[in-house]
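Novice: with the input below, show me the fold.
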Amino acid sequence: FLSSNENKDEELAEKKENRQFKYIYDYAKAHGLVPVRIARRGCMSQNVCNQMFERCLSLMYKGKARAVVVANMASISSSMCDAYKKIGLINENGFKIFSVDEGELKLLQEDVLKELFEDYYAEGDEDFTTFVECYAAGKSDESLKEHVLDLYDASISNPWPEEWLDGCVENYCLDPEKGIVETKWYQSLWEIVDSALKEAEELNRSAMEICGESEGPELYLDALQKDLVLIRQLQELSDKQDYDQMVQTLQNLSFARLSTKKMEGVSGQLKSLVKDIREDAKDILKDLGSRYFQCSLEELTELTLASAGPLKMLVKLTKDFAQRFSDKKREKNVLDFSDMEHFALEILLKKEGDICTPSQAARELSEKYDEVLLDEYQDSNLVQEILMQNVSGWVNDRKNIFMVGDVKQSIYKFRLARPELFMEKYHT
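Specialist: Below you'll find the predicted structure:
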């Protein structure tokens, strides 16, 4: 089912539905589905749409189809109640429904981005031109649009997106006297380094323990012990926050070779396991060098200062995009999941400056729920964390939140999940 959300303009409806068809076809292909019938909602009435839905059910009853793919729920329903009823009909009979709501929003995002960049090009702003020259890949500006979308997605995973975006710019505005070493992100860098080195050390010790087993590759211990010395050297440099020396060490990594002597009575499986664990530890060190320590502190400072201007423009574009995208969604009377999260925040919290005060609604909800149970906690973001805290038993000072999760199974980092929220609770 395609849905253009256009009630009068048939030409515009057809244009939008043609674009939706490509997106739905790609979705179907990716999920192993073969379209057998395409239903265009266009400017048809709800009654006609209902009849088309019944025909689709009939096809599935006859074994000629097994699923319904919709562009959005508006393509098959006139209300939320109607949508749930139709979803129930499909599920109760053992069939499936695939909703690609995000496809419609994706199309809308593309339209907004295109219009946004066209407007900025037309204005001929010098800062925008510099931004394009710095970050455009060749003659295409598609990578710039991806930067805007990435930053937008990151911002909406935070309770107050605009403040978070402003903070991104502040990190690049260096104090002439303190320089880069006093910035928040520089301090965060060393926290990342400490965590990575700790993980490398734990892997190294695990490998050494395996070598000490009865059938373990004992001759590998010499190389592993040298690896441990290297890791400890890096930990000492991290403690001192000696950036330049970290660059020198990580850019000139050298690892001892594992013994090639024949080992009697050694398990081949344990030998392979030690090799794999060691490679994981080595990859951690290599990754630190390639991601964070490629130039001197002086060069890093210069790059940071040079990046400040283009970053300000990126943030400006992102804010402008966010406002335009929001306006378009309101115009079409649609909400995405992030909208629901942030509207819920507005209901539960009153923010004045840096002070947040729970609302009367939050107070009533806090008193209402006996228990708050949260599954897959490792995939929560900061917005969801604050929502959860405000509907828990804070009014009566009750600790009534039960969270279940496994940080090792956090798979939604690309959707801005914050597994560190889980770890903070775990360690306290």
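Novice: pLDDT weak spots in the stretch 151-300 of the chain?
Specialist: Along the stretch 151-300 of the chain, no part satisfies pLDDT under 70.
Novice: quick one, helices of it?
Specialist: Under the criterion DSSP state H, counting those that start in this stretch, helices of the stretch 151-300 of the chain are mapped to 161-170, 184-211, 221-240, 243-251, 268-292, 297-331.
Novice: counting by contacts, list what the second one packs against.
Specialist: Pointing back at helix 184-211 there. Helix 184-211 is packed against helix 221-240, helix 268-292, with contacts defined by 3 or more Cβ pairs under 8 Å, 6 or more residues apart in numbering; DSSP states H and E. C-beta here means a position set from N, CA and C on the backbone, and glycine is covered the same way.
Novice: turn the ones you listed into a markdown table, columns for mean neighbour count and distance to residue 115.
Specialist: Shown next, in a markdown table, are those (neighbours: other Cβ atoms under 10 Å; distance: least, Cβ to Cβ, whole Å):
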| stretch | mean neighbour count | distance to residue 115 |
| --- | --- | --- |
| helix 221-240 | 16 | 47 |
| helix 268-292 | 16 | 35 |
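Novice: out of the ones you listed, the one nearest residue 427 is which?
Specialist: The closest of the helices and strands packed on helix 184-211 to residue 427 is helix 221-240. By Cβ to Cβ, the value is 19.6 Å.
Novice: elements contacting that closest one?
Specialist: Partner elements for helix 221-240 (3+ Cβ pairs under 8 Å, 6+ apart): helix 184-211, helix 243-251, helix 268-292.
Novice: quick one: the last one to chain centroid distance?
Specialist: How far helix 268-292 lies from its chain's middle: 26 Å, per Cα atoms, centre = their mean, to the nearest Å.
Novice: residues touching residue 377, list them.
Specialist: The contact partners of residue 377, taken as Cβ atoms under 8 Å, 6 or more residues apart in numbering, are 403, 404, 405, 421, 422, 425.
Novice: try 7 Å
Specialist: With contact set as Cβ atoms under 7 Å, 6 or more residues apart in numbering, residue 377 has these partners: 403, 404, 405, 422.
Novice: what does the pLDDT read for it?
Specialist: For residue 377, the model assigns a pLDDT of 80.
Novice: and the closest residue to it other than its chain neighbours, how many residues sit next to it?
Specialist: Take residue 377 and drop its neighbours on the chain: the residue closest to it by Cβ to Cβ, 6 or more residues apart in numbering is residue 405, 3.4 Å away. For residue 405, the neighbour count with other Cβ atoms under 10 Å is 19.
Novice: go on, residue 419?
Specialist: Residue 419 has 20 nearby residues by other Cβ under 10 Å.
Novice: surely it is in contact with residue 376?
Specialist: No. Counting by Cβ atoms under 7 Å, residue 419 sits too far from residue 376 to count as a contact (10.8 Å).
Novice: separation between residue 226 and residue 272?
Specialist: Distance, residue 226 to residue 272, by Cβ to Cβ, to the nearest Å: 20 Å.
Novice: for residue 388, same thing?
Specialist: On the measure of Cβ to Cβ, residue 388 and residue 272 end up 43 Å apart.
Novice: dump the helices of the stretch 151-300 of the chain to CSV, plus distance to residue 122.
Specialist: Supplementary listing: the helices of the stretch 151-300 of the chain in CSV, determined by distance: least, Cβ to Cβ, whole Å:
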stretch, distance to residue 122
helix 161-170, 24
helix 184-211, 34
helix 221-240, 49
helix 243-251, 43
helix 268-292, 38
helix 297-331, 14
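Novice: just to revisit the earlier point, can you lay out the helices and strands packed on helix 221-240 as a markdown table showing distance to residue 144?
Specialist: Output for the helices and strands packed on helix 221-240, formatted as a markdown table (distance: least, Cβ to Cβ, whole Å):
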| stretch | distance to residue 144 |
| --- | --- |
| helix 184-211 | 22 |
| helix 243-251 | 30 |
| helix 268-292 | 22 |
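Novice: right, and those helices - which one's nearest residue 316?
Specialist: With Cβ to Cβ as the yardstick, what comes closest out of those is helix 184-211 (19.9 Å).
Novice: buried residues in the closest one?
Specialist: Going by neighbour count (16 or more other Cβ atoms under 10 Å), the buried part of helix 184-211 is 186, 189-190, 193, 196-197, 200-201, 203-204, 206-208, 210-211.
Novice: can you check stretch 129-148 too?
Specialist: Applying 16+ other Cβ under 10 Å to stretch 129-148 flags 131, 132, 135, 141, 144, 145, 147, 148 as buried.
Novice: ditto for stretch 354-370
Specialist: 356, 358, 362, 365, 366.
Novice: where strands are concerned, which of the residues you listed count?
Specialist: Those of the buried residues of stretch 354-370 mapping onto strands are 356, 358, per DSSP state E.
Novice: and which of the buried residues of stretch 354-370 is nearest to residue 65?
Specialist: Once Cβ to Cβ is applied, the member of the buried residues of stretch 354-370 that ends up nearest residue 65 is residue 365, at 42.9 Å.
Novice: the closest one: what's it in contact with?
Specialist: residue 391.
Novice: taking the mean pLDDT, what do you get for stretch 85-97?
Specialist: The pLDDT scores in stretch 85-97 average 76.
Novice: from residue 105, how far out is the residue of the chain most remote from its centre?
Specialist: Distance from the centre of the chain peaks at residue 264, with 48.9 Å (Cα atoms, centre = their mean). Separation of residue 264 from residue 105 (Cβ to Cβ) stands at 64 Å.
Novice: also residue 169?
Specialist: According to Cβ to Cβ, residue 169 stands 27 Å off from residue 105.
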